[in-house]
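Trainee: Fold the following, please.
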Amino acid sequence: MDLELVTVGTELLLGFTVDTNSAELAQLLAPHGVQLVRGTTVPDSAPGIRSAVADALARTGAVIITGGLGPTKDDVTKAAVAEIFDAPLEFDDVLWTGLTERFRVLGRELAASNRTQAYVPRGATVLTNRWGTAPGLWLEGACGLVIMLPGVPYEMRKLAEHEVGPRLAARQPAHTSTAILSHVVRTAGIAESALNDMLSGLDRELAPITIAFLPQEAGVDVRLTSWGARADVARRDLERAAAEVVKRAGVHGYGHGDEDLAAVVLERARSAAMTIAVAESCTGGLVTGRLTAIPGSSDVVIGSIVAYHNKVKTEALQVPEDLLTSHGAVSEPVARAMADGARRVFDVDAAISVTGIAGPSGGSAGKPVGTVWFGLALGRETATVERVYPGDRRQVRHRAAAGALFELLRRLPS
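Mentor: Residues are numbered from 1 along each chain as shown. The predicted structure follows:
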């Protein structure tokens with residue numbers, strides 16, 4: 001089933017609010033075989049809403065709207081849709097009683113404006129909102145189907161999950177029930193173009209499953225999507241496809257779905273009964289922050305030193321001053337000495353260091369902005385790796401933090 005989405009809110013068009021509802025809806029409805037084929041954003045204006053919804057109904061016959069169902073004067077979605085269906089708004093006593101009781105339980109006073117939320121287009125089905133005050137509405141007629149949901153993300157998500165999804169799924173005969181399902185393979189330490197070359201030709205082998213590359217600062221996600229197959233068949237085919245992507249990606253493939261690179265590093269170290277320490281310069285604690293954001297990380301991460309100034313490198317990590325003088329803070333010898341120093345100070349099995357030029361200034365012909373050196377001390381061996389990351393200061397720092405985790409992961413026992 002195809003649906004069009006109309007998101008309502010002047011704040012969306014002004015850029016003060018980021019639209020997360022579109023992504024949430026697409027993900028929530030896809031398993032029910034529903035595909036969002038077009039999205040339109042309009043201001044809190046009855047003519048704008050009416051025009052967008054009417055156009056969408058003419059194209060697709062089914063529309064889902066988010067926003068404009070609150071109690072204030074700029075919440076005009078219901079009235080605009082009611083005009084299209086020639087379904088005048090009528091006061092719903094049962095809905096009003098429910099709203100009154102909800103406000104009583106919450107210990108809040110009903111404002112006079114809340115009464116507008118109890119008006120419903122004639123013939124509409126009320127989708128009970130147990131998570132807020134603006135009910136969802138399901139209106140179907142000669143014009144087609146319009147589903148109206150509140151714009152508050154949490155309320156929208158809950159209504160879509162518990163009220164809308166099941167109703168749309170029920171519209172499909174059981175023997176033809178299909179789903180649009182995706183599986184994400186997570187990679188790190190490789191550019192999108194290089195990963196594309198590694199997976200060259202795989203799209204033809206996996207068809208009709210499609211492949212999409214989603215580059216981020218921390219790595220590149222590979223999204224595999226099955227379109228219109230039965231859910232059990234789709235899951236089986238996606239599992240096989242993901243296994244092939246992981247095989248071709250080699251060391252760069254580290255997880256699936258929303259698995260976090262730091263969590264994978266911790267689990268790998270924990271399985272090997274290894275402890276970790278970090279010495280950071282240009283990343284200023286980002287590597288340690290990602291590791292310690294994972295619950296239970298204290299059994300693996302012993303400590304870290306943010307050695308931003310050279311004085312900290314020499315005094316806390318015992319980096320020889322002559323290395324800093326001869327090679328500079330961003331260099332292979334200093335990265336090695338920082339990692340060795342962290343391993344000694346914290347008496348750990350593995351230590352990683354990061355030193356680089358995040359910019360926007362400080363670069364040179366030999367060491368451009370984005371140059372980062374990693375040191376990795378494991379056991380008796382210490383390895384070093386140089387990378388040059390593109391982007392502004394924030395991007396370089398975050399990419400370096402992800403790079404540090406990846407370089408450590410690939411050296412931990414599997």
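Trainee: Count residues in the vicinity of residue 104, would you?
Mentor: With neighbours defined by other Cβ atoms under 10 Å, the count for residue 104 comes to 11. Every C-beta, even on glycine, is put in place using the N, C-alpha and C of the backbone.
Trainee: With residue 266 instead?
Mentor: Neighbours around residue 266, by other Cβ under 10 Å: 25.
Trainee: helix or strand for it, which one?
Mentor: helix 261-271 (DSSP states H and E).
Trainee: Then residue 167?
Mentor: With DSSP H and E as the test, residue 167 turns up in helix 165-170.
Trainee: Buried residues, stretch 207-223. List them.
Mentor: 209, 211, 218-222 (16 or more other Cβ atoms under 10 Å).
Trainee: Let me fix that, I meant to ask about stretch 333-351.
Mentor: 333-343, 345-346, 348-351.
Trainee: Stretch 311-331 too?
Mentor: Result for stretch 311-331 [16+ other Cβ under 10 Å]: buried residues 313-314, 316-317, 319, 323-324, 328-331.
Trainee: pLDDT of the helix holding residue 266, averaged?
Mentor: Mean pLDDT, computed over helix 261-271, is 97.
Trainee: Now the element after that helix, going C-ward?
Mentor: strand 276-280.
Trainee: Would you mind pulling up the elements that that following strand packs against?
Mentor: helix 286-292, strand 301-306, helix 332-346, strand 350-356 (3 or more Cβ pairs under 8 Å, 6 or more residues apart in numbering; DSSP states H and E).
Trainee: I'd like the ones you listed written out as CSV, with mean pLDDT and distance to residue 387 added.
Mentor: Shown next, in CSV, are those (pLDDT from 0 to 100; distance: least, Cβ to Cβ, whole Å):
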stretch, mean pLDDT, distance to residue 387
helix 286-292, 98, 14
strand 301-306, 98, 20
helix 332-346, 98, 11
strand 350-356, 98, 8
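Trainee: Could you dump the ones you listed into TSV and include distance to residue 236?
Mentor: Formatted as TSV, the helices and strands packed on strand 276-280 follow (distance: least, Cβ to Cβ, whole Å):
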stretch	distance to residue 236
helix 286-292	34
strand 301-306	38
helix 332-346	44
strand 350-356	38
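Trainee: that older thread, and the helix holding residue 167, what does it pack onto?
Mentor: Using 3+ Cβ pairs under 8 Å, 6+ apart: helix 165-170 touches helix 21-29.
Trainee: ok so, going back, among the buried residues of stretch 207-223, which are located in strands?
Mentor: Among these, the ones falling in strands (DSSP state E) are 211, 219-222.
Trainee: Could you work out the most separated pair of those?
Mentor: Greatest spatial distance among those (Cβ to Cβ): 211 and 219, at 15.9 Å.
Trainee: residues contacting residue 11?
Mentor: By Cβ atoms under 8 Å, 6 or more residues apart in numbering, the contact set of residue 11 is residue 17.
Trainee: what about it, which SS state?
Mentor: Taking DSSP: H, G, I helix; E, B strand; the rest coil as the rule, one finds residue 11 in the helix state.
Trainee: remind me which residues of the chain are low pLDDT?
Mentor: Scanning the chain for pLDDT under 70 picks out 173-177.
Trainee: From the centroid of this structure, which residue is nearest?
Mentor: For the chain, the residue nearest the mean C-alpha position is residue 258 (7.8 Å; Cα atoms, centre = their mean).
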